[in-house]
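Q: This is a predicted model, with the sequence first.
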Amino acid sequence: MKKISIIGAGAWGTALAAVACRAGMDVVIQAQEEDVARAINDSHENTTFLAGVTLDAAIRATTDMADATAGAEAVILAAPAQFLRPVMENLKAHLTPGIPAVICAKGIELDSGALMSEIAAEVAPQTPIAVLSGPTFAAEVARDLPAAVTLAAEDEKIATQLSDALGTNRFRIYRSDDVIGAQVGGAVKNVLAIGCGIIEGRGLGDNARAALITRGLAEIVRLGTAKGAKAETLMGLCGIGDLVLTCNAMQSRNFSLGVALGQGEPLADILGARTSVAEGVFSAASVTELAGRLNIDMPISLAVDGILNHFADIDASIEGLLSRPAGVEEKA
């Protein structure tokens, strides 16, 4: 592969443009906003979504999907999860059958409960799908700090081509055939990160955060296996790896949002002050809805959803979790 198109010029899309360029690929990134495309082309910096990171001058930005995808041998889908369907509806006319699309959004669609791969299969059935997920902060990846990710695809040949094209010794790609597991881990960990942030904001200590991470992993595994994922996938980079990173650092949009909530700041004020998307705000509702359909017990995710979307009191929600019977760990 020599040329790649990236749809979505947020922080992660921009970081992946830097990765692909360093790997020797011809990179075109499609932005929704004219000023973002202009800044990337003129000043070689995404001043709106990834300020302070200098980009290679070879990276070209455009707002035109046809321009972005012309001649591309792979397409990276870096739009936020709740926008993936309309983005793909607009993109499908420009997709060449057989050219793979790599999903990078971490979420579950509201109302439908669909995973991102299920949306892609519905909208563009002639497009082979891969999923890229793992413990990564965009700014660190863009600065070429070491990172490791999972690239999942049912077709081993496509997974190998993509990992060979994008991987470097500082952006290590591990292949998997578990497309479902790679997505469930990334979606649920954002919800749990908000919960961990609330614990931090409330000053409940490191013990409580470790307990939430561990019991949250049990929720990820329950939902993932119910959807057909492999439990071992969720013990890897796109499961526990991503969960640990996101639940322990203020760089995480979801964790930092939870901290602000825990400190008493209204959700509307937190969101109003941000340009970036905290996927967990939306995923809390879609994760718990999907869990209900599958009859899966996810009390932590349900509590976070209650706080975010149903005006539940934070302290009462915490006490509700603490009041649950502990039971046998392997069965709880």
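A: That came through fine.
Q: pLDDT averaged over the longest helix along the chain - what is it?
A: Longest helix in the chain, counting residues (DSSP state H): helix 179-202. The average pLDDT within helix 179-202 is 97.
Q: again, but for stretch 137-150
A: 98.
Q: ok, the residue nearest the centre of the chain - contacts?
A: Nearest to the mean C-alpha position of the chain, by CA atoms, centre = their mean, lies residue 106 at 2.8 Å. Taking CB atoms under 8 Å, 6 or more residues apart in numbering, we find residue 106 in contact with 81, 133, 183, 186, 187, 189, 190, 242, 279, 283. In this view, the C-beta of every residue, glycine as well, is placed from N, C-alpha and C.
Q: biggest separation within those, which pair?
A: For those, the farthest-apart pair by CB to CB is 81 and 242; their separation is 14.4 Å.
Q: what about stretch 170-185, how long is it end to end?
A: 23 Å (CA to CA, to the nearest Å).
Q: So which bits of that stretch are buried?
A: 171, 173-176, 178-185 (16 or more other CB atoms under 10 Å).
Q: And stretch 251-264, by the same measure?
A: For stretch 251-264, the neighbour count (16+ other CB under 10 Å) marks 252, 253, 254, 255, 256, 257, 258, 259, 260, 261, 262 as buried.
Q: Can you say which helix or strand has the fourth one in it?
A: Spelled out, it's residue 255. helix 253-262 (DSSP states H and E).
Q: Any idea how far whichever helix or strand comes after that helix is from the middle of the chain?
A: Next along the chain after helix 253-262, taking DSSP H and E as the criterion, comes helix 267-272. Computed by CA atoms, centre = their mean, to the nearest Å, the chain-centroid distance of helix 267-272 equals 20 Å.
Q: Show me which residues of helix 267-272 are buried.
A: 267, 270.
Q: What's the mean pLDDT across that helix?
A: Per-residue scores along helix 267-272 average to 94.
Q: And stretch 309-323, by the same measure?
A: Stretch 309-323 comes out at a mean pLDDT of 96.
Q: follow-up on the earlier one: tilt between the longest helix of the chain and helix 253-262?
A: 30 degrees (axes from the mean of the first three to the mean of the last three CA atoms, to 10 degrees).
Q: Just after the helix or strand containing residue 304, pick out the following helix or strand.
A: Using DSSP H and E, residue 304 sits in helix 299-309. Next along the chain after helix 299-309, taking DSSP H and E as the criterion, comes helix 314-322.
Q: which residues sit against that next one?
A: The contact list for helix 314-322 (CB under 8 Å, 6+ apart) reads 198, 202, 204, 261, 262, 299, 300, 303, 306, 307.
Q: do the same with stretch 247-263
A: Contacts with stretch 247-263, where a contact means CB under 8 Å, 6+ apart, come from 137, 139-140, 189-202, 209, 212-213, 216, 245-246, 267, 270-271, 274, 276-281, 307, 314.
Q: and the nearest residue to residue 82 once chain neighbours are set aside, what does it touch?
A: In this structure, residue 82 finds its nearest non-sequential neighbour in residue 282, 5.2 Å apart by CB to CB, 6 or more residues apart in numbering. Contact analysis of residue 282 by CB under 8 Å, 6+ apart lists 81, 82, 107, 110.
Q: before we move on, the earlier item: if you count neighbours, what's buried in the helix holding residue 304?
A: So for helix 299-309, counting by 16+ other CB under 10 Å, buried means 299, 300, 301, 302, 303, 304, 305, 306, 307, 308.
Q: swap in stretch 76-90?
A: Applying 16+ other CB under 10 Å to stretch 76-90 flags 76, 77, 78, 79, 80, 81, 82, 84, 85, 87, 88 as buried.
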